[in-house]
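**Q** this is a predicted model, with the sequence first.
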Amino acid sequence: MKAPTNTPIETTRPDLIPTSGAPAPPEEEESSSHAACPSRANAIVKHRREPDEELQAAAMGCSFSGLNALYDTVGGGGGDIWVNDYRFRVVRRLGDAGPAGSSVFLVKEVVAAATASDGTGGAVPGAAGLAKKKGIDPSHISADGTYALKKVLIQNEQHLEQVRQEIRVSSQFSHPNLLPLLENAIIAVKGVQDGSQNHEAYLLFPVHLDGTLQDINKNMLEKKEYFPTISILQIFRQLCAGLKHMHSFDPPYSHNGVKPDNVLITQRKDQPHLAILMDFESARPARIAIRSQADAMQLQEWASEHCSAHYRAPELWECPTHADIDERTDIWSLGCCLYAMMYGKSPFDYELDEAAGESLQSVTKSAQIKWPTEAGPSYPDSLRQFVTWMLQPHPAVRPHIDDIIIHVDKLIAKYSI
């Protein structure tokens, strides 16, 4: 699969003033029995349109509403925001996302009603709209027309390039188990205090309000509840499907952020949970040739900034000076994620709790997995062996995603009976 080229949509608005070879799989054994984030909503809609600005926009060769991203004041002090040709009403703030200055809002699309074709002048709701125009997969469309809008306050040129790269990478993927980027815009804005020019980015995604796998894990643990084996396998299988899509590109992409916080869960009636992998800020081509100490140090420094420590593969902690890094860094993270679905935290969180005085790097490098012994869920040995198979400290003998999918399908067939 060849990766398509995609360019972030940008505009300049200096007059806008914002206010804010794998080993064999484990043998199966019989055993006992066995769930998108920023400042107040008004912070992105404070700019009031003045008559002079209407004239200026017209002079720029476009209508005010057609600009890539802008603020529009509506009656009563509330406000809408446009992202390219689409208008959204801010419903509420959902929370923070990623680095400081990134926020996520729940927004609802404002769709203009079209005139009925029968000449009666009646309105036809939903005749236009982002979902219809873009042919979005129905599984990514909420029943009430809401979306998640991520607002990023860009700090400097390096940060700007990182956001552009996130947009380019996110736009390449199209899979039911990967959160799609539906629309994006980057705008140049003038600083309120000193008049300096900064940038803001707006990234529009489907909304899944049931929360992340981490949220659900936390709630279940507080109640001393645990996922049954089959539910774990069904969620895990969907994560594998999303990663296979990324790993199948030419060149393959690694996600570099597989963890429960980056898995959105939607609970569906009489169906397995829907699992969607999100956050492609750290995704990049997976295969990296390390040929010097400088190469190794550069990779380690990058990983320390972009990869969660408790889900980071050993080769990203201590990279050899001659190595070929590949997409199997994600397989390590998958193994940690499977363990976390079973017990509520990464295996290396648990091992740190048990190993006084040891560093996270040392317990990761040793890959000695410890299993909770206190009263709790009883999972089959085959599931534990599956985790261990993925947590091979030497990447050359770690399985690929295709190997993982074959094995998880066998386990699903076994435990669905």
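**A** Cool, the structure landed. Numbers count the residues shown, from 1 in each chain.

**Q** can you map out the helices along the chain?
**A** 51-59, 130-134, 157-170, 213-222, 229-247, 293-306, 314-317, 328-343, 347-354, 360-366, 381-390, 401-415 (DSSP state H).

**Q** list the buried ones in the fifth one?
**A** I take that to be helix 229-247. Of all the residues in helix 229-247, those buried under the rule 16 or more other C-beta atoms under 10 Å are 229-230, 232-247. C-beta here means a position set from N, CA and C on the backbone, and glycine is covered the same way.

**Q** what's the answer for stretch 96-110, then?
**A** 97, 101-109.

**Q** can you get me a residue count around the nearest residue to residue 179 once chain neighbours are set aside?
**A** Of all residues not flanking residue 179 in the chain, residue 278 sits nearest, at 3.8 Å (C-beta to C-beta, 6 or more residues apart in numbering). Neighbours of residue 278 under the rule other C-beta atoms under 10 Å: 23.

**Q** quick one, phi/psi of residue 278?
**A** As for residue 278, its main-chain torsions (degrees, to the nearest 10) stand at phi -130, psi -180.

**Q** just the pLDDT at it, thanks.
**A** Looking at residue 278, its pLDDT is 95.

**Q** repeat that for residue 134.
**A** Confidence for residue 134, expressed as pLDDT, is 77.

**Q** what is the burial count for the nearest residue to it once chain neighbours are set aside?
**A** Sequence neighbours aside, residue 182 is the residue nearest to residue 134 in space, at 6.7 Å (criterion: C-beta to C-beta, 6+ apart). As a burial measure, residue 182 scores 22 neighbours (other C-beta under 10 Å).

**Q** correct me, but residue 182 touches residue 204?
**A** Yes. Between residue 182 and residue 204 there is a contact under C-beta atoms under 8 Å: 4.7 Å.

**Q** shared neighbours, the two?
**A** 130, 147 (C-beta atoms under 8 Å, 6 or more residues apart in numbering).

**Q** ok, and the closest non-adjacent residue to residue 407?
**A** Per C-beta to C-beta, 6+ apart, closest to residue 407 is residue 25, 4.4 Å.

**Q** and if you look at residue 416?
**A** residue 230 (6.1 Å).

**Q** what does residue 105 give?
**A** residue 149 (4.8 Å).

**Q** and for the one you found, the neighbour number?
**A** 26.

**Q** same question for residue 92.
**A** 9.

**Q** show me what it bridges to in the sheet.
**A** residue 106 (DSSP bridges).

**Q** residues contacting the residue nearest to residue 105?
**A** 81, 83, 88, 90, 104-107, 202-205.

**Q** can you rerun that using 10 Å?
**A** 36, 38, 44, 81, 83, 88, 90-91, 94, 103-107, 182-183, 202-205, 207 (C-beta atoms under 10 Å, 6 or more residues apart in numbering).

**Q** what about residue 225, how many residues nearby?
**A** Neighbours of residue 225 (other C-beta under 10 Å): 11.

**Q** from residue 290, how far off is it?
**A** 44 Å (C-beta to C-beta, to the nearest Å).

**Q** likewise residue 82?
**A** For residue 82, the distance to residue 290 - C-beta to C-beta - is 45 Å.

**Q** narrow the contacts of residue 149 to those in strands?
**A** In this view, the contacts of residue 149 that belong to strands under DSSP state E are 81, 83, 88, 90-91, 94, 103-107, 183, 202-205.

**Q** do you know the pLDDT at the residue lying closest to residue 289 once chain neighbours are set aside?
**A** Nearest residue to residue 289, sequence neighbours excluded (C-beta to C-beta, 6+ apart): residue 324, at 5.8 Å. If you check residue 324, the pLDDT there is 97.

**Q** mind listing what residue 324 touches?
**A** Counting by C-beta under 10 Å, 6+ apart, residue 324 has contacts 287-291, 315, 395-396.

**Q** so who does residue 345 touch?
**A** 214, 217-218, 221, 260, 310, 336, 339, 352-353, 372.

**Q** low-confidence ranges, this structure, go.
**A** Scanning the chain for pLDDT under 70 picks out 1-24, 27-78, 98-100, 113-128, 191-196, 350-358, 375.

**Q** tell me the domain ranges of it?
**A** Listed by automatic domain parsing, the domain ranges of the chain are 10-20+36-206, 213-415.
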